[in-house]
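Undergrad: Starting from these lines, generate the structure:
(one chain, ligands or ions: 1)
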Amino acid sequence: MLFESWPTCNSINLFTQQPFHISNFLIPAGAYRGNSLREEGHNVMKDLRDFIATCEKEGELRRVKAEVDWDLELSHICKVVEEKSGPALLFENVKGYKSPVLTGAFATTKRLAIILGKSTNLSMVELTKAWVDVATKNVVPAKEVKDGPIFENIVDGDKIDTFAFPSPKFYELDGGRYFGTAVFMTIQDPDTGDINLGTYRMGVLDSKTVGVQLLKGKKGDRILKKYGKKGKKMPACAIIGGDPLHIFAGAATVPGAKSVMMWLEPCAVRLWRL
Ligand SMILES: Cc1cc2nc3c(=O)[nH]c(=O)nc-3n(C[C@H](O)[C@H](O)[C@H](O)COP(=O)(O)O)c2cc1C
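TA: Alright, predicted model coming up:
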């Protein structure tokens, strides 16, 4: 993907082959107590499928088999469920689509603990302390590899179609459908080579492009400006349907980590490979 222009909405040629569309990021309300996943040896998640399986095992996920419209209906259902601290929802029958949509992944303290690979007995305050610890100590460099599951399905050129995925329209006054809310984007600093993760909303503009707004002052914005000064387009990779831990990382400011990738490894013993 290449950013075409600045400042407001930057066009991206969308390219993704992940079957899950994760949306609707909400900050958790209240402490939730449960069993320790760590003690039970469950903290070995490596992707979104593992997260879904763990949530299901813990009674933290409900599959919605009834047909649901991506146009306002889906967002309304997940909002009502989240207000009651209900389970994450996996909509398996989105009208006109085969891919499922996951909502509410981050909406309870217990699910946050699952994402971080921490004990689900932790209160929100304890979990926050554990999170600060993770984000400030023992950063480890990321590894670069030549292949991975991401290359299993490739769609390119004219075949790219953003409407092939069940992006929801959340609110009546939204300008359109959002391909990503709980998603993240990776970019590379052209001067230092550091990799940055950023969680930025991605709105569908047409069948080939989604728009991303990098707010002024964010690291993503500062990196984009470096490319601008060099007269270059900024390559970017949008990850939709990835490990929820990376979405956390994308939304966090990590002090002391040269690159956000460095910090992910110790966070939950999950390897991030480029
Ligand atoms: C669900 C969600 C959506 C977000 N959307 C945006 C966005 O569209 N644009 C933006 O600049 N920041 C957005 N943010 C905030 C950034 O993720 C956050 O400030 C992050 O630290 C930015 O990373 P950066 O400083 O490395 O660019 C969002 C955060 C969350 C949790």
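Undergrad: Now Leu197, what are its backbone angles?
TA: Main-chain torsions, Leu197, degrees, to the nearest 10: phi -110, psi 140.
Undergrad: Can you name the residues bridging to it?
TA: Leu197 has these beta-bridge partners by DSSP bridges: Thr186.
Undergrad: How much space separates it from the ligand?
TA: Using C-beta to the nearest ligand atom, to the nearest Å, Leu197 is found at 7 Å from the ligand. For every residue, glycine as well, the C-beta is placed using N, CA and C.
Undergrad: quick one, helices of the protein?
TA: Along the chain, counting by DSSP state H, helices occupy 48-57, 73-83, 109-116, 124-136, 219-229, 244-251, 260-268.
Undergrad: Point out the most buried one among those helices.
TA: Ranked by average neighbour count under the criterion mean count of other C-beta atoms under 10 Å, the helices of the chain are headed by helix 109-116 at a mean of 24.
Undergrad: what mean pLDDT does it have?
TA: Helix 109-116 shows a mean pLDDT of 92.
Undergrad: What of stretch 80-99?
TA: The average pLDDT for stretch 80-99 rounds to 96.
Undergrad: same question, stretch 146-156
TA: What stretch 146-156 shows for mean pLDDT is 82.
Undergrad: can you pull the buried residues of it?
TA: Neighbour-count burial for stretch 146-156, counted by 16 or more other C-beta atoms under 10 Å, picks out no residue.
Undergrad: hey, C-alpha coordinates of it in CSV?
TA: Output of stretch 146-156 as CSV, limited to C-alpha atoms (Å, rounded to 0.1, in the frame of the first residue of the first chain):
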residue,chain,number,x,y,z
LYS,A,146,10.9,-14.3,4.5
ASP,A,147,7.5,-16.1,4.5
GLY,A,148,4.4,-16.7,6.6
PRO,A,149,0.7,-17.6,6.4
ILE,A,150,0.0,-14.0,5.2
PHE,A,151,1.2,-15.1,1.7
GLU,A,152,-1.2,-18.0,1.5
ASN,A,153,-3.9,-16.1,-0.4
ILE,A,154,-3.0,-13.2,-2.6
VAL,A,155,-5.4,-10.9,-4.5
ASP,A,156,-3.9,-8.2,-6.6
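Undergrad: any idea how far it is from the chain center?
TA: How far stretch 146-156 lies from its chain's middle: 19 Å, per C-alpha atoms, centre = their mean, to the nearest Å.
Undergrad: closest one to Val183 among the helices of the chain?
TA: Of all those, it is helix 244-251 that lies closest to Val183, at 6.7 Å by C-beta to C-beta.
Undergrad: Using JSON lines, please lay out the helices of the chain together with distance to the ligand.
TA: Converted to JSON lines, the helices of the chain look like this (distance: least, C-beta to the nearest ligand atom, whole Å):
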{"stretch": "helix 48-57", "distance to the ligand": "16"}
{"stretch": "helix 73-83", "distance to the ligand": "13"}
{"stretch": "helix 109-116", "distance to the ligand": "13"}
{"stretch": "helix 124-136", "distance to the ligand": "12"}
{"stretch": "helix 219-229", "distance to the ligand": "3"}
{"stretch": "helix 244-251", "distance to the ligand": "4"}
{"stretch": "helix 260-268", "distance to the ligand": "7"}
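Undergrad: what's the closest of these to Val204?
TA: helix 73-83 (14.6 Å).
Undergrad: list the helices and strands the closest one packs on?
TA: Here helix 73-83 touches strand 88-91, strand 101-103, going by 3 or more C-beta pairs under 8 Å, 6 or more residues apart in numbering; DSSP states H and E.
Undergrad: If anything else comes up later, I'll come back, but that's it for now.
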